[in-house]
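A.B. asks: I'll drop the sequence and a predicted model, then ask my questions.
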Amino acid sequence: MSTASTKPGTVKERAGLALNDEFLRKAVKFTTERLRSGKKAASEEHGNWDDWRERGRQIRLHTIAHLDYYLNLFADNARANGVNVHFAETDVEAVKIALAIAERKQAKSVVKSKSMVTEELHLNHALEKIGVEAIETDLGEYIIQLAGETPSHIIIPAIHKNRYQIADLLSAEAGETLAPDTQILAGFVRKKLREKFLEADIGMTGCNFAIAETGSMVLFENEGNARMVSTVPKTQITLMGMERIIPSFEDLEVMATLLPRSATGQKLTVYMSGITGPRRTEDADGPDEMHIIIVDNGRSNQLGDPEFQELLNCIRCGACLNACPVYRHIGGHAYGGTYSGPIGAVLTPALKKDESQWDDIANASSLCGACYEACPVKIPLHDMLVYLRRRKVESGNGNLLESVGMKGFSTLLGGSKRMRGVIRLGQLGQKLVERDGGIRIKLGPLKGWNTYRVTPSLPKQSFRDRWSTIQKETQAEGATLDPALKARMEAVVAERKQGGGSSHGGHA
Amino acid sequence: MKVSLFITCLSDAIYPRVGEAMVRLLARYGVQLEFPTVQTCCGQPAFNSGYWDDARKTATTLIEAFEDSDFVIAPSGSCIGMLHHYPKLFEKDPVMLERANKLQAKSYEFTQFLVKVLGVTDVGATFPHKVTYHPSCHGTRLLGVKEEPIALMNQVKGLELVPLPFAEDCCGFGGTFAVKMADISGAMVTEKVDHVLETEAEVLVGLDMACMMNIAGNLRYRDKPVRVMHLAELLYEGVK
């Protein structure tokens, strides 16, 4: 199905490059910290955040459960509005449709507003191959395009670059030295892009939400470039993942509450545009011809899969990236796919059905759950990462050495006598390498661990070894159970028996 | 009333002092823990790595070990959190699923049991030191243990609790992650320890010895004399 390419090497190798790039780590840390603090403040100020998250989740669950219905409703309504609606099952098909429109229009240039789907399709490259200039007009995307790179964050494509690196790139484009001052740099890009907007034959956009009841598409942006892209050129092409649908404008209210706050900590996005068809005679501006290409490209693999269907609930806010401690240290390119961070670590393999094509990206997580906590629609990404690992193992694509190790683990820890033996063996064996209660050798499995730590040595006696002594002493000294405490414990047991037992745990 | 100790393999082998502190502290309230010696590991390393058949083997051992307990208590939010995955692990086996559900419902992380079940927040401890607290991810995010340790520490006489910057960030342990992705894990624990040092606390306290072993290991590697303890140890030392 999908031919979406991943970057060469293993995740470990790519992460190694990032970990040795101080500029990258500083830039990513600086911006993700700003974004997640902003999100925290905005969600706290809004109040009842978890209730809103749950509402968002319910809207997404409902929509995806009835995706066929809402997609048809959307397509019918959009067509009634005068939009040409296309469905593309694969990336190849989607590209073919877009190129055919460009060729028919004899387009020389396309201006684009930010769209992760077009990144997924490598559409710029395909356009250039047929001689059409594709210009990114989102500031971050424009920078990345000049650098010949791919976005390293879903909403902040150039997050890994600092001001000075950006000034160098823009200076080369300007043919003169531009000071590393945000106003000057943005001013240059603004002027440059003005000309491009006016020349362009086609405007190409992504889509944040598609409203089924009216056939409208909605764009969230901060720079006004998407508005230029969707009003100036005569033809508009919108590419959207098939899951971007929500039923109604009423549902958009919830999404408009969740998305900007989760993404950047903004209460409102600067521009929110709802576009319902091409220009009508009474409209002052807008395209004469409008196309929407609805892309599957592996998304429908998740439909009907109880472990992964919720992946389609994602609203691409990037909050999981900003909350992720792994992303903070390795940035987006180390993930190797179009989408990075925790959502990318799950989405990239999930979009491919064949487990043998999966790399080790699902291992690049400590399973801390910060992504789930940050997610405005509560996608359990940390659980999905484990399911991906399991599917890889069960399909016979696991790591051989690890599978032998795990077999050993379950055998040795499958019984307490064997476990006691293992501990005893460790207590004896460590004498060769232990010093001052610590083990420092950088060999075998301890190589990576001891590069950053000293391993504690095992005490002479394990808890098991000490148990009979501890038990005797506490029985001799211990108090008698306070009747009030006994009553509390009995009440908990009684409540549990009536079926109200697990209220003390579970997902936060 | 049968209250059982689930020691967890890490506390059993490396940190028996944590289990001992827990047992002795609860004995002061007349809660005598019993210790089924047939218990082994919760199976989390195998589960998280995707080896669910292997995880089911150790999970079965644990389910059997605590079958007739009324309460199961462990000094780890992560290992108790793993018991919350057992129903998923046995979703296709209705008999084991029911046993897994029963175990999950009666399992408590140490401070959950102390505060939520027994209703104790003041153990009468004194600990005149500057302390900072690392809330472990699985305990806080999977079990929702957030207020309990703070409530307990607020009642300890002389204890000065200093907030840990970016406390909610993972320390980088993540089980096999620390071995498989050693350099990413190393970057994470280094950042965590930087924050611990910023607080100038004498003691770092937590509820999960895996995370504490990770952070303590980096502190020691960098020759930083911050004492690292489980909260059970701190409380028991404070009442001794």
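C.D. replies: Looks like it arrived, so ask away.
A.B. asks: quick one: contacts for residue B:89?
C.D. replies: B:43, B:47, B:52, B:55-56, B:59, B:100 (Cβ atoms under 8 Å, 6 or more residues apart in numbering or on different chains). Every residue, glycine included, has its C-beta placed from N, CA and C.
A.B. asks: try 6 Å
C.D. replies: B:56, B:59 (Cβ atoms under 6 Å, 6 or more residues apart in numbering or on different chains).
A.B. asks: same thing with the one 4 residues further on?
C.D. replies: Taking Cβ under 6 Å, 6+ apart, we find residue B:93 in contact with no residue.
A.B. asks: which ones are touching residue 22?
C.D. replies: Just so you know, I chose chain A. Contacts of residue A:22 by Cβ under 6 Å, 6+ apart: none found.
A.B. asks: try again with chain B
C.D. replies: B:75, B:110, B:232.
A.B. asks: What about the second one, how many residues nearby?
C.D. replies: Spelled out, that is residue B:110. Residue B:110 is flanked by 30 other residues according to other Cβ atoms under 10 Å in any protein chain shown.
A.B. asks: So it sits against residue B:75, correct?
C.D. replies: Yes: in this structure residue B:110 lies within contact range of residue B:75 using Cβ atoms under 6 Å: 5.0 Å.
A.B. asks: Overlap in contacts, these two.
C.D. replies: B:22, B:232.
A.B. asks: Just the element for residue 95, please.
C.D. replies: All of this refers to chain A. helix A:91-104 (DSSP states H and E).
A.B. asks: Hmm, no, I was thinking of chain B.
C.D. replies: helix B:94-105.
A.B. asks: elements contacting that helix?
C.D. replies: When contacts are defined as 3 or more Cβ pairs under 6 Å, 6 or more residues apart in numbering or on different chains; DSSP states H and E, helix B:94-105 sits against helix B:86-89.
A.B. asks: With only the CA atoms kept, save the helix it packs on in CSV.
C.D. replies: The C-alpha trace of helix B:86-89 is given here as CSV (Å, rounded to 0.1, in the frame of the first residue of the first chain):
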residue,chain,number,x,y,z
TYR,B,86,-3.2,-8.2,33.1
PRO,B,87,-6.9,-8.1,31.9
LYS,B,88,-5.6,-7.0,28.5
LEU,B,89,-2.9,-9.8,28.6
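A.B. asks: follow-up on the earlier one: counting by contacts, list what the helix holding residue A:95 packs against.
C.D. replies: strand A:84-88, helix A:116-121, strand A:289-295.
A.B. asks: List the residues that contact residue 94.
C.D. replies: By default, I'm working from chain A. A:88, A:121, A:293, A:295.
A.B. asks: now do 7 Å
C.D. replies: Counting by Cβ atoms under 7 Å, 6 or more residues apart in numbering or on different chains, residue A:94 touches A:88, A:121, A:239, A:293, A:295, A:297.
A.B. asks: how close does it sit to chain B?
C.D. replies: 32 Å (Cβ to the nearest Cβ, to the nearest Å).
A.B. asks: Check what pLDDT that residue gets.
C.D. replies: In this model, residue A:94 is scored at 98, pLDDT.
A.B. asks: Give me the spatial nearest neighbour of it, chain neighbours excluded.
C.D. replies: For residue A:94, ignoring the flanking residues on the chain, the nearest one in space by Cβ to Cβ, 6 or more residues apart in numbering or on different chains is residue A:88 at 3.6 Å.
A.B. asks: can you map out the helices along chain B?
C.D. replies: Listed in chain order, the helices of chain B (DSSP state H) span B:9-13, B:16-27, B:44-49, B:52-65, B:77-83, B:86-89, B:94-105, B:110-112, B:137, B:147-154, B:177-180, B:182-198, B:209-221, B:231-239.
A.B. asks: just checking, next helix/strand downstream of the strand or helix carrying residue A:134?
C.D. replies: Per DSSP H and E, residue A:134 falls inside strand A:133-136. Note on strand A:133-136: by DSSP H and E, the next helix or strand toward the C-terminus is helix A:139-147.
A.B. asks: what mean pLDDT does that following helix have?
C.D. replies: 97.
A.B. asks: What would it look like as PDB? C-alpha coordinates only.
C.D. replies: In PDB, the C-alpha atoms belonging to helix A:139-147 read as follows (Å, rounded to 0.1, in the frame of the first residue of the first chain):
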ATOM      1  CA  LEU A 139       7.400  30.500   7.300                       C
ATOM      2  CA  GLY A 140       8.700  27.300   8.800                       C
ATOM      3  CA  GLU A 141       8.000  25.200   5.800                       C
ATOM      4  CA  TYR A 142       9.600  27.800   3.600                       C
ATOM      5  CA  ILE A 143      12.800  27.600   5.700                       C
ATOM      6  CA  ILE A 144      12.800  23.800   5.500                       C
ATOM      7  CA  GLN A 145      12.300  24.000   1.700                       C
ATOM      8  CA  LEU A 146      15.300  26.300   1.300                       C
ATOM      9  CA  ALA A 147      17.300  23.900   3.500                       C
END
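A.B. asks: tell me which strands and helices the helix or strand just after that helix is in contact with?
C.D. replies: Using DSSP H and E, the helix or strand that directly follows helix A:139-147 along the chain is helix A:163-174. Judged by 3 or more Cβ pairs under 7 Å, 6 or more residues apart in numbering or on different chains; DSSP states H and E, helix A:163-174 is in contact with helix A:139-147, helix A:182-199.
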